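> Dropping a prediction and its sequence here:
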Amino acid sequence: MKPNFKPGKNIAIKVPFHHFEQTVSFYRDLLGLEQIHRTSPDADDSVTFRFGDKNLWIDRSATLSQAEIWLEVQTADGRLMTTIVGALDQHRSQLYGEKVRRAMESAKEQGLPVRSKLPFGSSRAIIRFG
């Protein structure tokens, strides 16, 4: 049986803090999308635009170095969704591990002292140079 997925109503673009206003301006001023919501500038800012029958969220993140796109996906099969999300998490973990390995090799090639540390209970690796 083929999985039955449907698009959700929301698309989110998570952008680094320093790209937020430029990204919002692009969708609002250049593409002319209708802005339907904005949180206060004091909070972690979020702007929502109408994008056809979807909501396009632009979310500012202080922890990202590059943009991420999140798609809302729906299915009536909860077991299938759990399996897919688990596989995605495993794949992302493998990709991140490979990225850390390459960064450490590059640092070693440059003669930099390097060690990897994975904090207890965390899925994020920290690379320390020096």
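That came through, no problem.

> any low-confidence regions in the protein?
Within the chain, the ranges that satisfy pLDDT under 70 run 1, 40-44, 113-130.

> which other helices and strands contact the lengthiest strand in the chain?
Identified as the longest strand of the chain according to DSSP state E is strand 6-16. Packing contacts for strand 6-16, counted by 3 or more CB pairs under 8 Å, 6 or more residues apart in numbering; DSSP states H and E, involve strand 54-61, strand 68-74. Just so you know, the C-beta spots here come from the backbone N, C-alpha and C atoms, and that holds for glycine as well.

> who touches whichever helix or strand comes after it?
Counting by DSSP states H and E, the next helix or strand C-terminal to strand 6-16 is helix 20-25. Contacts to helix 20-25, defined as CB atoms under 8 Å, 6 or more residues apart in numbering, come from residues 13, 15, 45, 47, 58, 60, 67.

> Same check on stretch 83-91?
With contact meaning CB under 8 Å, 6+ apart, stretch 83-91 is reached by Pro3.

> So which bits of it are buried?
Buried residues in stretch 83-91, counted by 16 or more other CB atoms under 10 Å: none are found.

> Thought Glu68 was touching His19, still the case?
No - look at His19 against Glu68 with CB atoms under 8 Å: they stay out of range, at 11.7 Å.

> out of these two, which sits in the busier spot?
Taking other CB atoms under 10 Å, His19 and Glu68 do not tie; His19 has more neighbours (17 against 12).

> Tally up the residues packed near the closest residue to that one other than its chain neighbours, please.
Distance criterion CB to CB, 6 or more residues apart in numbering; nearest residue to His19, sequence neighbours excluded, is Ala67 at 6.9 Å. Neighbours of Ala67 under the rule other CB under 10 Å: 13.

> Now do the same contact list for Ala67.
Neighbour list for Ala67: 13-16, 19, 23 [criterion: CB under 8 Å, 6+ apart].

> Show the backbone phi and psi for it.
Main-chain torsions, Ala67, degrees, to the nearest 10: phi -70, psi 150.

> How about Phe49?
Torsion angles, degrees, to the nearest 10, at Phe49: phi -120, psi 150.

> mind checking how far it is from Val15?
14 Å (CB to CB, to the nearest Å).

> same thing with Glu34?
Glu34 is 19 Å from Val15, where distance means CB to CB.
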